[in-house]
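Asks: Here's my sequence, what's the structure:
(chains A, B, C and D)
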Number of protein chains: 2
Amino acid sequence: MTFDPRDCGTCPIRHRAVCARCETDELEFLESIKFYRSFEAGQPVIWSGDNMDFVASVVSGVASLSQAMEDGRTQMVGLLLPSDFLGRPGREFAAYDVVAVSNLTLCCFRRKPFEKMMVDTPHIGQRLLEMTLDELDAAREWMLILGRKTAREKIASLLTILARREASLALQTTDNGTSFELPLTREAMADYLGLTLETVSRQISALKREGVIVLEGKRQIIIPDFYALMAEAGDDSDGGVMA
Amino acid sequence: MTFDPRDCGTCPIRHRAVCARCETDELEFLESIKFYRSFEAGQPVIWSGDNMDFVASVVSGVASLSQAMEDGRTQMVGLLLPSDFLGRPGREFAAYDVVAVSNLTLCCFRRKPFEKMMVDTPHIGQRLLEMTLDELDAAREWMLILGRKTAREKIASLLTILARREASLALQTTDNGTSFELPLTREAMADYLGLTLETVSRQISALKREGVIVLEGKRQIIIPDFYALMAEAGDDSDGGVMA
DNA sequence: TGCGCGCTTTGACCCAGATCAAGACGCATG
DNA sequence: CATGCGTCTTGATCTGGGTCAAAGCGCGCA
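Replies: This next block holds a predicted model:
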């Protein structure tokens, strides 16, 4: 089944996005207010403070949400992967800078009719609540990373998070480990983790030197032993494979 | 009007909590599944991993959510003030350690009937979505604080956040500034900000020495000039009083 | 085929905040 | 009125990660 933009039934994120619970008639309404937008890697989607007359689902690619201080320091506060939701119903202006980290396709809904639909039918709101609660959990895990972990643990944590999230779709698990494409530049990783890009680079080099990860080019990551990486991340639940 | 625990109409958080949008009949149902629990300052409410058969609203006092690593490092990931919601519908086990930071009263709802009500009537879910989105915004602001701010900026940020949130109810604004009771110990502040308690103490001393804040005892904070404090927090929107 | 540009790595040095260690304050208790 | 305990402050020293600087890729483009 190939993806036909006119037919939500063929959409790759149909069952995980904000529309996951929608019935046929609700989908038809959504189809009437939706449109697609694509961005190349590095392009801005919207700036904080801009008027935002749509909300959207990420269909493919990766987007970042970040906050900047006026002196230039920036902190990434969200990483949107396929099926994640962008925007806040009821909010007229964007609260964060949104950038396409890789090539990105969004399924956008005009905000006003979307809001009306949230009032009229329950499925959208229910699903959005669930997704928002998940994001809040992710944000809290992120806070632990930012507040208490060492640089090495931060890198290891980010790699496990990415590996796990890619796992749901694109990830390759072969006999010699797990492999995935790193969608972030060193600088983006630094912004995610509250580090400098130099420190990110040094820690990745260290993990590589010690065999915890293997690099193929700069962006393809191979994880020979996932539990070894998790141990480096300092997380609880250290393996427990055969517990 | 004094607070009568049997009558939600007299509840101090009636119009801000998860029940804010409920109609009379919905309130009656809530009254039938609710019960109150109180905790003294310092007492644990629940530990991460414990079975949690209720959700709750904070009626009075302050509670903290935190995450611990097995080596003892801890990071506070949520600060619950009156009207904030505790727990996640659909989640059987607590995801965080919850501690009463000050004397605390919770209005608890048995989880199962609460979940049923969320399916049957829209008002609870709608309000909870709104509150969760607000919390997510707060978590993201917090991420910027944790990832990119200096120790001094972190302290100033925490004080502005607390002052603003207390403002909605208990705060005193007199001719010589804004004053409020600091509900956190130095250690709790450190856990919030990803610092050590020594650094917290030193930075508070520095702000006091420079007159940005005034201490009355260890816990009563007076802010002579709120915009001066905000400037120390490194936030955008630096005043703008007469812009 | 070589040039330029974005991304990344590595090195040398520095400093904000952690760590280790004493005390000081307040207040409850015998 | 000592004693003890939790909380907070302050000092001395150490160090992880920041800062500044210089190369090293790798790829597109002329």
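
Asks: so who does the closest residue to A:Glu92 other than its chain neighbours touch?
Replies: Excluding the flanking residues, the one nearest A:Glu92 by CB to CB, 6 or more residues apart in numbering or on different chains is A:Asn51, at 6.5 Å. To be clear about C-beta, it is placed using only N, CA and C from the backbone, and glycine gets the same treatment. Applying CB atoms under 8 Å, 6 or more residues apart in numbering or on different chains, one finds that A:Asn51 lies in contact with A:92-94.

Asks: Please apply the same query to A:Ser157.
Replies: A:145, A:149, A:233-235 are the contacts of A:Ser157 under CB under 8 Å, 6+ apart.

Asks: and it, how far is that from B:Asp50?
Replies: 25 Å (CB to CB, to the nearest Å).

Asks: Same check on A:Cys19?
Replies: A:Cys19 is 35 Å from B:Asp50, by CB to CB.

Asks: what's the answer for A:Gly217, then?
Replies: A:Gly217 is 46 Å from B:Asp50, where distance means CB to CB.

Asks: again, but for A:Glu216
Replies: Counting by CB to CB - A:Glu216 and B:Asp50 are separated by 44 Å.

Asks: So between those two, which is more surrounded?
Replies: The neighbour comparison of A:Glu216 against B:Asp50 (other CB atoms under 10 Å in any protein chain shown) goes to B:Asp50, with 14 against 10.

Asks: got the phi/psi numbers for the residue nearest the centre of chain A?
Replies: Central residue of chain A (CA atoms, centre = their mean): A:Leu80, 2.8 Å from the mean position. For A:Leu80, the backbone dihedrals (degrees, to the nearest 10) come out as phi -100, psi 120.

Asks: for the one 10 residues further on, same thing?
Replies: When read as degrees, to the nearest 10, the backbone of A:Gly90 gives phi 90, psi -10.

Asks: tally of neighbours for it?
Replies: Neighbouring residues of A:Gly90 were enumerated by other CB under 10 Å; the total is 12.

Asks: how close does it get to A:Val45?
Replies: For A:Gly90, the distance to A:Val45 - CB to CB - is 20 Å.

Asks: got it, and A:Ile204?
Replies: A:Ile204 is 27 Å from A:Val45, where distance means CB to CB.

Asks: just A:Phe180 next, same as before
Replies: When distance is defined by CB to CB, A:Phe180 is 24 Å away from A:Val45.

Asks: now do A:Leu195
Replies: Plainly put, A:Leu195 is 24 Å away from A:Val45 if you go by CB to CB.

Asks: need the next SSE after the lowest-mean-pLDDT helix or strand in chain A, C-terminal direction.
Replies: Within chain A, no helix or strand scores below strand A:172-174, which has a mean of 61 by mean pLDDT, DSSP states H and E. Later in the chain than strand A:172-174, the nearest helix or strand by DSSP states H and E is strand A:177-181.

Asks: Any buried residues in that next one, and which?
Replies: By neighbour count on 16 or more other CB atoms under 10 Å in any protein chain shown, the buried set for strand A:177-181 is A:177-180.

Asks: Please say whether there is contact between it and DNA strand C.
Replies: No: applying CB under 7 Å from any atom of the strand, one finds strand A:177-181 out of contact with DNA strand C, separated by at least 11.7 Å.

Asks: Any residues of chain A in contact with DNA strand D? List them.
Replies: A:150-152, A:194-196, A:198-199, A:217-218.

Asks: which residues touch A:Arg127?
Replies: Applying CB under 8 Å, 6+ apart, we find A:Arg127 in contact with A:18-21.

Asks: Which of those fall in helices?
Replies: Per DSSP state H, helices hold no members of those.

Asks: Kindly reformat those residues as a markdown table containing neighbour count.
Replies: Output for the contacts of A:Arg127, formatted as a markdown table (neighbours: other CB atoms under 10 Å in any protein chain shown):
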| residue | neighbour count |
| --- | --- |
| A:Val18 | 29 |
| A:Cys19 | 25 |
| A:Ala20 | 17 |
| A:Arg21 | 16 |
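
Asks: Closest one to B:Val58 out of those residues, please.
Replies: Distance to B:Val58, by CB to CB, is smallest for A:Val18 among the contacts of A:Arg127, at 29.1 Å.

Asks: Can you name the residues in contact with stretch A:191-202?
Replies: With CB under 8 Å, 6+ apart, stretch A:191-202 has contacts from A:64, A:66, A:74-76, A:79, A:145-146, A:151, A:154-155, A:158, A:184, A:186-187, A:189-190, B:146-148.

Asks: Could you pick out the residues of chain A near DNA strand C for me?
Replies: Checking chain A against DNA strand C by CB under 7 Å from any atom of the strand, the hits are A:42, A:185-187, A:197-198, A:200-202, A:204-205, A:215, A:218-219.

Asks: Put the buried members of these into a PyMOL selection.
Replies: The PyMOL selection below is limited to those of the residues of chain A next to DNA strand C classed as buried (16+ other CB under 10 Å):
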select buried, chain A and resi 185+186+200+201+204
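
Asks: quick one on the thing from earlier: what's the most distant pair in the buried residues of strand A:177-181?
Replies: Using CB to CB, the buried residues of strand A:177-181 span at most 10.4 Å, a distance reached by A:Gly177 and A:Phe180.

Asks: Could you tell me which of the contacts of stretch A:191-202 belong to strands?
Replies: A:64, A:66, A:74-76, A:79 (DSSP state E).

Asks: For A:Ala56, which three-state class applies?
Replies: Of the three states, A:Ala56 takes strand under DSSP: H, G, I helix; E, B strand; the rest coil.

Asks: That one contacts A:Cys107, doesn't it?
Replies: Yes: with contacts counted by CB atoms under 8 Å, A:Ala56 reaches A:Cys107, the gap being 6.0 Å.

Asks: So if I had to pick from those two, which one is more boxed in?
Replies: Taking other CB under 10 Å, A:Ala56 and A:Cys107 do not tie; A:Ala56 has more neighbours (28 against 24).
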